[in-house]
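[1] the following comprises the amino acid sequence and a computationally predicted model.
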Protein chains: 2
Amino acid sequence: MTIAAIAKEIGLSVATVSKVLNGRPDVAAETRSRVQELIVRHGYRRRSSPSSETSTPVIDVVFETFDSPWAVEIVRGAVAAAQGEGLTVALTSLEEGDERRIWFDHITSRGTRGVILLLSQLTETQRSELHSRRLPFVVIDPRGEPGPHVSYVGATNWAGGLAATRHLVDLGHKKIAVIGGPADLLCSRARIDGYRAALETAGIFLADSLVVRGDFTVVGGYEGARALIARPDRPTAIFAGSDLQALGVFKAAHEAGLKVPEDLSVVGFDDLPIARWSSPALTTVRQPLAEMAAVAVRILLEVGEGGDPTDRRVELATDLVVRESTAAPRCRPSPGRSATEVVSPTRIAEPASG
Amino acid sequence: MTIAAIAKEIGLSVATVSKVLNGRPDVAAETRSRVQELIVRHGYRRRSSPSSETSTPVIDVVFETFDSPWAVEIVRGAVAAAQGEGLTVALTSLEEGDERRIWFDHITSRGTRGVILLLSQLTETQRSELHSRRLPFVVIDPRGEPGPHVSYVGATNWAGGLAATRHLVDLGHKKIAVIGGPADLLCSRARIDGYRAALETAGIFLADSLVVRGDFTVVGGYEGARALIARPDRPTAIFAGSDLQALGVFKAAHEAGLKVPEDLSVVGFDDLPIARWSSPALTTVRQPLAEMAAVAVRILLEVGEGGDPTDRRVELATDLVVRESTAAPRCRPSPGRSATEVVSPTRIAEPASG
DNA sequence: CTGAAAGCGCTTACAG
DNA sequence: CTGAAAGCGCTTACAG
């Protein structure tokens, strides 16, 4: 696609098309939009020279916030995977107010090879623009139900929630609470459903009041736990929904004078680096964040080389990692089990350093 | 700088220079090297079109490892600052084995506006190449003594080490240990020197055996603390050198059955997000990592616009943030002080969320 | 191994 | 508001 080809197709001069591309004001509004439409449809990109790109190719990672170690782990994985393929990772944060409209132009102007979106909810327009420009993109942990033609990468959140809760059930807990994440997050809902399924399977009554809503941050976990701990029939175990929320639960327990795991068992979700180093070390569900990013990079490359851009959906397996934050409830002893033993579904080897 | 200008200066045709740039084989070795020399000296970059770059400009952040939240905070700050200026941040990790030689070519080929190096130690060659290509660069927390013409951004590490240690002295501690970082890190050495200065000022004997070497990771802090705790005359307070090392100290204390701060006071350095959320919350020295990154971005832009590229050296102020991990030693009570009060040098307001 | 010439993709001052 | 024409920075097939 060259400017000349577009000009010919639309019956205009090369000069006029060039003006539209460069945002000059002296073009009739109608002409401009007709040209723009063609540009988008053909996925036109400025050819800096006859030969194909000499510069290092770039893929973009677009995230809403860098606050959480969750995003950090994904970015780290993406950098590692991309670098292995000779690609550079460019970062775009949606935190800054009005960037929501701008990132798209920036990315497309840079001649990106593909876009990885974290937790994002694409508008219909953005989706079709990405498609029409032939720009490969993948969503990691989509915010809402992804459209039918959107590739995404996630983890087995439901199975993870199930494993976490079953672990608590197996230890003998009956009053097990959960602190969920944002309601619109697919992965958050799946974890809670896993929790529900585990309780139902165990024949434990599912009290709605034991399901608390958080936001996946430490503060969210802290506040959720405070509410739960204040209840007269306070739970003996909390599935915290995320590692950050688990840290908040630790904090609330600490303040209330409750010892973990003696007075309160806590399970996280993610297995961030902190999980191993909190005191006590956190029992959690490991999500292979770096691998998820690597898979996303691979999808981008495959699609870039002509693979089918639609319907690539991957969920990577989660594993329960048992550390020190879970134990049998105090009043009802259950068969002893070493606190650092790794149980189902998978046995995880824990390297000493991190 | 255009191909034509170079050709004229060296007395060759435009075609020949073009061939060198594109790595064609049909050029005499001597001709090639003469041209290459000029290219480097003039910092030639392919102009993709008559008008200056239409695509979103990029700055590069090059780091050794993304493991530590320290690097993450800097990257986050750089993304925020860069985006405010309409720039995109590209990430290059030096973790991957042989990338050390490659990153340089990648970066320069991409037409970067500037490079931010974290903790890096540039070789003399790299330094002069960056200079000769007119590529602005800044080092954040340089590994060794930076050369005389290298811009860098850091924090007042010495003052921070001093404030941390004086805080412990003020609480009544006499046996204060320190866990340092890697010996070749300027910032690490400055922190330990600040510690020494505080003890000397207080007239406390400086036992060399209380100075332990770490590596700024959780494991380093854990091992250092284990060694210190095992001593017959174990210290009543540890200045952990970094927040991550402080978490390791917490862990070691927890395992040894020591309570923080009752049995052992701990001070960190960095004020990473975890510091507020550990149990107990960590007293630490705040380093303004995001601002450091913002300053680095600003330097890059100023130099890019013709500012003097040399001798820009900035050290931003650190602040002691007192939380719950420090208290007077058990045996020797000292004047009471609220554990969450913020003391010298600066009073810090602590927002509730994070 | 070198370079004159043709050509490509693009932009812009300017005439209409 | 449009486009013919000049021009820019670059590459490449080809003659020497």
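    Yep, that arrived.
[2] can you tell me which residues contact the residue positioned nearest the centre of chain A?
    Nearest to the mean C-alpha position of chain A, by Cα atoms, centre = their mean, lies A:D141 at 3.9 Å. Contact analysis of A:D141 by Cβ atoms under 8 Å, 6 or more residues apart in numbering or on different chains lists A:L118, A:L119, A:Y152, A:V153, A:G154, A:A155, A:L185, A:L186, A:C187. The C-beta positions use only the backbone N, C-alpha and C, and glycine is treated the same way.
[3] hmm, try it at 10 Å
    A:70, A:74, A:117-120, A:152-155, A:157, A:185-188, A:287, A:289, A:292 (Cβ atoms under 10 Å, 6 or more residues apart in numbering or on different chains).
[4] ok, and the closest non-adjacent residue to it?
    Distances taken as Cβ to Cβ, 6 or more residues apart in numbering or on different chains put A:C187 closest to A:D141, at 4.9 Å, once the chain neighbours are dropped.
[5] burial of that neighbour, as a residue count?
    By other Cβ atoms under 10 Å in any protein chain shown, 26 other residues sit near A:C187.
[6] go on, A:T2?
    12.
[7] check whether whichever helix or strand A:K251 is part of comes near chain B.
    Secondary structure from DSSP states H and E places A:K251 in helix A:243-255. Yes. Helix A:243-255 lies within reach of chain B by Cβ under 10 Å from any Cβ of the partner chain, at A:L244, A:L247, A:G248, A:F250, A:K251, A:A252, A:A253, A:H254, A:E255.
[8] now, which of the residues you listed sits nearest chain B?
    Nearest to chain B out of these is A:H254 (Cβ to the nearest Cβ; 4.0 Å).
[9] count of neighbours near the closest one?
    A:H254 has 16 neighbours, counted by other Cβ under 10 Å.
[10] that one and DNA strand C, how far apart?
    According to Cβ to the nearest atom of the strand, to the nearest Å, A:H254 stands 61 Å off from DNA strand C.
[11] hey, where'd the helices end up in chain A?
    A:3-10, A:14-21, A:29-42, A:69-84, A:99-109, A:124-132, A:157-170, A:186-202, A:218-230, A:243-255, A:273-277, A:289-304 (DSSP state H).
[12] got a markdown table for those helices, with distance to A:V267 too?
    Below are these laid out as a markdown table (distance: least, Cβ to Cβ, whole Å):
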| stretch | distance to A:V267 |
| --- | --- |
| helix A:3-10 | 57 |
| helix A:14-21 | 54 |
| helix A:29-42 | 47 |
| helix A:69-84 | 17 |
| helix A:99-109 | 35 |
| helix A:124-132 | 36 |
| helix A:157-170 | 4 |
| helix A:186-202 | 10 |
| helix A:218-230 | 12 |
| helix A:243-255 | 7 |
| helix A:273-277 | 10 |
| helix A:289-304 | 18 |
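[13] tell me the most buried of these?
    helix A:243-255 (a mean of 26; mean count of other Cβ atoms under 10 Å in any protein chain shown).
[14] that one: how far from the chain's middle?
    Put simply, helix A:243-255 sits 22 Å off its chain's centre (Cα atoms, centre = their mean, to the nearest Å).
[15] need the contact list for the closest residue to DNA strand D within the stretch 151-300 of chain A.
    Residue nearest to DNA strand D within the stretch 151-300 of chain A (Cβ to the nearest atom of the strand): A:L300, separated by 27.0 Å. Applying Cβ under 10 Å, 6+ apart, we find A:L300 in contact with A:59-60, A:78, A:81-82, A:85, A:87, A:112-116, A:135-138, A:151, A:307, A:309, A:312.
[16] which residue packs closest to it, ignoring adjacent ones?
    Closest residue to A:L300 apart from its sequence neighbours, by Cβ to Cβ, 6+ apart: A:G114 at 3.4 Å.
[17] now swap in A:Q36 and tell me
    Nearest non-adjacent residue to A:Q36, counting by Cβ to Cβ, 6+ apart: A:V20, 6.4 Å away.
[18] test my guess that A:S33 contacts A:V20.
    Yes. With contact defined as Cβ atoms under 10 Å, A:S33 reaches A:V20; the gap is 9.0 Å.
[19] joint contacts of those two?
    With Cβ under 10 Å, 6+ apart as the test, A:S33 and A:V20 both reach A:V27.
[20] returning to that earlier point: and which of the residues of helix A:243-255 next to chain B is nearest to DNA strand C?
    Checking the residues of helix A:243-255 next to chain B one by one against DNA strand C (Cβ to the nearest atom of the strand), the nearest turns out to be A:L244, at 46.3 Å.
[21] pLDDT at that closest one, what is it?
    At A:L244, the model reports a pLDDT of 96.
[22] which residue is the nearest non-sequential neighbour of it?
    The shortest distance from A:L244 to any non-neighbouring residue, by Cβ to Cβ, 6+ apart, is to A:V218 (5.0 Å).
[23] likewise A:T165?
    Excluding its sequence neighbours, the residue lying closest to A:T165 (Cβ to Cβ, 6+ apart) is A:A198, at 3.5 Å.
[24] next one: A:Y44
    Take A:Y44 and drop its neighbours on the chain: the residue closest to it by Cβ to Cβ, 6+ apart is A:M1, 4.6 Å away.
[25] and that neighbour, how far from A:S325?
    Taking Cβ to Cβ, to the nearest Å as the measure, A:M1 falls 57 Å from A:S325.
[26] likewise for A:Q245?
    Distance of A:Q245 to A:S325, computed by Cβ to Cβ: 13 Å.
[27] what's the weakest-modelled helix or strand in chain A?
    helix A:99-109 (a mean of 56; mean pLDDT, DSSP states H and E).
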